[in-house]
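Q: this one's structure only:
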């Protein structure tokens, strides 16, 4: 709870969350779209400051993840033919339980009502079948929050947007609910383009769509949002992460599944190495990305103690995941809020697309030297199969062809027969052939670790962690690399050639690649206040002295301290400042 | 026609277009999406090089248009509630004539068939009603190009993607076919955020969707594409463009409507000033943006003589446009191809959204000093209206309230009565009141000029204009600011510590913000060839000498010349080179 008298709100009712949403709307970070048409939930418009902030966060993401691992970025379409999401399992799994009020006909997410009215946890509701949902509704006598009406039977609602591609009405398309699938679908070509190297990180940052039944206000649960998906492919026989040593001393705040299941709320503070040794995290790459994700959130202004990783229990995990941690950030009103998911997708997706497309998506890895390996094959002896199995002979031959040769040989050796359904195959029916063959390499499906970030949530997080009140004014203390606008240039007064001089300096800085804010109206104090509220780290003021000795004042947003700098050194110094090579004091000589 | 022996194609059949598409696929610029599922026309995947190139072009666009005019960028959603596109006129107008073959049931764009089989022009087909399309089909006896079958009656097909928002099946949503409407819909808030300044440029770069009936291959006509829409708002009473003087000497290649109508194919070469004076271009801002667009295309590698602006005739223009020019680029196989549209949208869109939303979207402009103006109002005299009109009295009162007072007073004065439908209002029925009032400013709907670019087409254009053959090898001569990767760092050989040294230099340049390519496999000659083909302007090679005197070789992609540079000066010099402050020769001392 903070004081917000100057915003014209009732102080005692305004949370940090509301204050941030107010400033987001008023200063043009973001707001709910289509206001003039009464609004449609789940859609957000980023105004000028928000659009800059969002792109800065995306750039910071690229610096943090893409550069150190030389990952490759792609851009693909949002509209996707149905086949892709049939293969990926989304058509089957991407749905939520929904109930309709029989009185007012409003529709709600059944699990949200159970959370709000029956105080069940996410983890409890995600486990329920439709039948169990219905029982819980009865048991807790849950009624419509709008009109107190009775609910009908719960149903599943598919939360992908559906459309038709082209003039043929049967060509169903979906709006992608994530950016990952195009990476899997295009993997073959991407792997070639990357000259067949593993490990290989492929990334897509882009819009995605989820037709939420009841989206929340603001940027937290949107129907259209921006996702940053990393699909990191590696050889499952070589799962070591050579970069992990960078993070050996890094501590993660973890709630592993076993503890979560016991109801533990306080995270373990555990080193990356120990987390792997104790089996809290299954694979090194997953641990590496979690450590990187923690530092990335640090760089957006979120301290360690406001972050944690919480494991998904088996029934909470997405259908493709074999281990999953959510990275959560503690927000003022919203509580612990997921900002990224870290899933071990193993070979799930490529396998599914192989199955549905009939295209081989395995990779081939050449051995350093060809290896001599035992090859086992099972050959049916037709002259013995015929008399024993008669009409069933063909079924037996098919069975032998389809079964794993290794397993078949082992069973026959151990038990003296191989039993499948009602067919008992004896040694006399088959010939087990063992051969030495030379293998040049092996074919396999790479495994995938997926860190996936919700960019809109990160925008909100950056805003909330930047938000400060100082002497009844609002400051957005964005870290330097995230600030949407880097510098403001003001003439102290608009007379005496100062305006022109300020414009020249502004143009110069703009040409050098800085995002520059220009403001001539109101007193210099009002202009500083507006700049602080937009989160601009440095304000440069041109005054009478500038015209004679070519110096200007630079003011620090965080401390309001001022410093006098030489204008001709400004570009160089600003570059160093924004690259964290120097601090504010190093920009010049302290003035006051 | 060019020789492409080394690509393993039949030389005599390969056009530049095909060669570019081949390199685009093989090197990972872009390719048709969903190949493993047999492909779906109209969707493109940008691979790593393409995605970098596309983002470079978007950055160049921002530099060229946003910076000089301090325009503000927004980001909004693709899914849009139906109301928005009902108001904008798209639901009514965004459709194409389609015919279905009665034999094979394939569907085609009727106008495309008329162009291909009856040699009609765009301009001719866009004029036709469905009935006329049907007549032309009969007249030219047009049959199915696939199976020679008969076509049924032409129908209109709505080319927006349709979906449903949320669980209520009646909430229709469309995929936006352009990025402009969200700017109009959010104008009120954006205008406030911009502190109510005019002129005001608002911009959105983002995905858009058009459910084309028959999309073309490659990035030219896509179902999902990236559009960069500038909506530039200005006061129609102050339509001067103060920046126009920058372009006074600039020559545009124009085909104005009148000449186009006469069948003229050769553009006029005319100065910007003259184009305005002669009325070829209606407003200064339109002319300004056309000149800027020409220079922007220059910066992507397109020379003046390969560009032109061609006016849209009244029946070819979009429904919102009162004057429109297409900027076209001459491509090798595709001929003159539109890359941007420049439309004078006047007050069309804001007016429509005012009408549909009932929200006032006018802006208020304060006069320097309040003005005294005559205000005219018409007051009904009820005691006379009642007896004359009896049961119709209410209709008369409503009519008087709704009619323009100026017009009413004039008619009554001129004719002695005012006639509306069947109602004849006489002077005795009304009191005409004239009053002096003080006006502080005026309210008006700003006018809009819209330059709109197809980013995917620009990616293709940049690729085609970069494409060169030299000594049987392919070079992509991207301009420095557009090249997806700026530098490659190679060890001459991988032994003797050179590999490590190259990696260090690569990391350093990457941290300094350069996009760096790393390649260790094959001879140095092969690596140079691969770098040339990826359009990398500079290759830096680390050799034995580097370890002793800390110099390296830099090779120019365009000339293959090499130069020896000092490694510690490299970052500084590369920054100057990529900002066009120095040329290749200035990087160091010429070596050979």
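A: In hand now; what should we look at? Note that the structure is predicted; figures quoted are calculated from it, not measured.
Q: when you work out contacts or count neighbours from here on, use the C-alpha atoms and nothing else.
A: Noted.
Q: in its sheet, what does the strand or helix carrying residue A:365 sit against?
A: Per DSSP states H and E: residue A:365 is located in strand A:363-380. Strand pairing for strand A:363-380, using DSSP bridges, gives strand A:430-444 (antiparallel).
Q: residues making contact with the strand it pairs with?
A: A:362-367, A:369-381, A:409 (CA atoms under 8 Å, 6 or more residues apart in numbering or on different chains).
Q: before we move on, what about stretch A:367-387?
A: With contacts defined as CA under 8 Å, 6+ apart, stretch A:367-387 is touched by A:393, A:396-397, A:400-401, A:405-406, A:409, A:428-442.
Q: pLDDT (mean, whole number) over the strand holding residue A:365?
A: In this model, strand A:363-380 has a mean pLDDT of 89.
Q: chain center to the helix or strand that it is followed by, what's the gap?
A: Where DSSP H and E defines the elements, the next helix or strand beyond strand A:363-380 is helix A:382-389. Remark: helix A:382-389 is offset 58 Å from the chain centroid, using CA atoms, centre = their mean, to the nearest Å.
Q: give me the domain ranges for chain A.
A: According to automatic domain parsing, chain A comprises the domains A:45-79+A:164-216+A:227-349+A:448-454, A:95-157, A:365-440, A:485-590.
Q: closest one to residue B:342 among these?
A: Minimum separation from residue B:342 across those (CA to CA) falls at domain A:45-79+A:164-216+A:227-349+A:448-454, 23.1 Å.
Q: so which residues of the stretch 201-350 of chain A form helices?
A: In the stretch 201-350 of chain A, the segments counted as helices under DSSP state H, counting those that start in this stretch are A:257-261, A:272-277, A:284-299, A:348-357.
Q: mean neighbour count and mean pLDDT added to these, as CSV?
A: Shown next, in CSV, are those (neighbours: other CA atoms under 10 Å in any protein chain shown; pLDDT from 0 to 100):
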stretch, mean neighbour count, mean pLDDT
helix A:257-261, 16, 89
helix A:272-277, 17, 94
helix A:284-299, 20, 97
helix A:348-357, 19, 96
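Q: so which of these comes closest to chain B?
A: Nearest to chain B, of all these, is helix A:348-357, at 5.6 Å by CA to the nearest CA.
Q: is chain B within reach of the closest one?
A: Yes. Interface with chain B: helix A:348-357 contributes residue A:357 (CA under 8 Å from any CA of the partner chain).
Q: so how far is that helix off the chain centroid?
A: Remark: helix A:348-357 is offset 23 Å from the chain centroid, using CA atoms, centre = their mean.
Q: for it, name the packing helices and strands.
A: In terms of contacts (3 or more CA pairs under 8 Å, 6 or more residues apart in numbering or on different chains; DSSP states H and E), helix A:348-357 is packed against helix A:82-87, helix A:181-185.
Q: hmm, back to that, out of the contacts of strand A:430-444, which are buried?
A: Buried subset of the contacts of strand A:430-444 (neighbour count, 16 or more other CA atoms under 10 Å in any protein chain shown): A:362, A:363, A:376, A:377, A:378, A:380, A:409.
Q: around chain B, pick out the residues from the stretch 451-592 of chain A.
A: On the criterion CA under 8 Å from any CA, chain B has as its neighbours in the stretch 451-592 of chain A the residues residue A:510.
Q: tell me which stretches of the stretch 451-592 of chain A form strands.
A: A:467-470, A:473-476, A:487-491, A:516-518, A:538-542, A:551-556, A:562-566, A:589-590 (DSSP state E, counting those that start in this stretch).
Q: quick check, residue A:411 in a helix?
A: Yes. The assignment for residue A:411 is a helix, going by DSSP: H, G, I helix; E, B strand; the rest coil.
Q: including mean pLDDT, could the strands of the stretch 451-592 of chain A go into JSON lines?
A: Formatted as JSON lines, the strands of the stretch 451-592 of chain A follow (pLDDT from 0 to 100):
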{"stretch": "strand A:467-470", "mean pLDDT": "93"}
{"stretch": "strand A:473-476", "mean pLDDT": "94"}
{"stretch": "strand A:487-491", "mean pLDDT": "96"}
{"stretch": "strand A:516-518", "mean pLDDT": "89"}
{"stretch": "strand A:538-542", "mean pLDDT": "96"}
{"stretch": "strand A:551-556", "mean pLDDT": "96"}
{"stretch": "strand A:562-566", "mean pLDDT": "94"}
{"stretch": "strand A:589-590", "mean pLDDT": "54"}
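Q: what's the pLDDT at the residue of chain A most remote from its centre?
A: No residue in chain A sits farther from the centre than residue A:387, which is 61.4 Å out by CA atoms, centre = their mean. You'll see residue A:387 listed with a pLDDT of 90.
Q: distance of it from residue A:428?
A: 12 Å (CA to CA, to the nearest Å).
Q: do the same with residue A:566
A: Distance, residue A:566 to residue A:428, using CA to CA: 95 Å.
Q: when these two are compared, which one has more neighbours?
A: More crowded of residue A:566 and residue A:428, by other CA atoms under 10 Å in any protein chain shown: residue A:566, with 16 against 12.
Q: which residue is the nearest non-sequential neighbour of the more buried one?
A: Excluding the flanking residues, the one nearest residue A:566 by CA to CA, 6 or more residues apart in numbering or on different chains is residue A:551, at 4.4 Å.
Q: neighbours of that neighbour, how many?
A: Residues contacting residue A:551 under the criterion other CA under 10 Å number 21.
Q: I'd say it and residue A:567 touch.
A: Yes. Counting by CA atoms under 8 Å, residue A:567 is a contact partner of residue A:551 at 5.2 Å.
Q: now the residue nearest to the spatial centre of chain A. Nearest residue, chain neighbours left out?
A: With distances taken as CA atoms, centre = their mean, residue A:453 lies nearest the centre of chain A, 1.6 Å away. Excluding the flanking residues, the one nearest residue A:453 by CA to CA, 6+ apart is residue A:340, at 4.3 Å.
Q: show me what contacts that neighbour?
A: Applying CA under 8 Å, 6+ apart to residue A:340 gives the contacts A:326, A:327, A:328, A:451, A:452, A:453, A:454.
Q: try residue A:99
A: Residue A:99 touches A:107, A:108, A:109, A:110, A:151, A:152, A:153, A:154, A:155, counting by CA under 8 Å, 6+ apart.
Q: from these, which land in strands?
A: A:107, A:108, A:109, A:155 (DSSP state E).
Q: can you tell me the SS state at the residue lying closest to the first one once chain neighbours are set aside?
A: Nearest in space to residue A:107, with sequence neighbours left out and distances taken as CA to CA, 6+ apart, is residue A:100 at 4.4 Å. In terms of secondary structure, residue A:100 is strand; the call rests on three-state DSSP.
Q: what residues are up against residue A:100?
A: By CA under 8 Å, 6+ apart, the residues touching residue A:100 are A:106, A:107, A:108, A:151, A:152, A:153, A:154.
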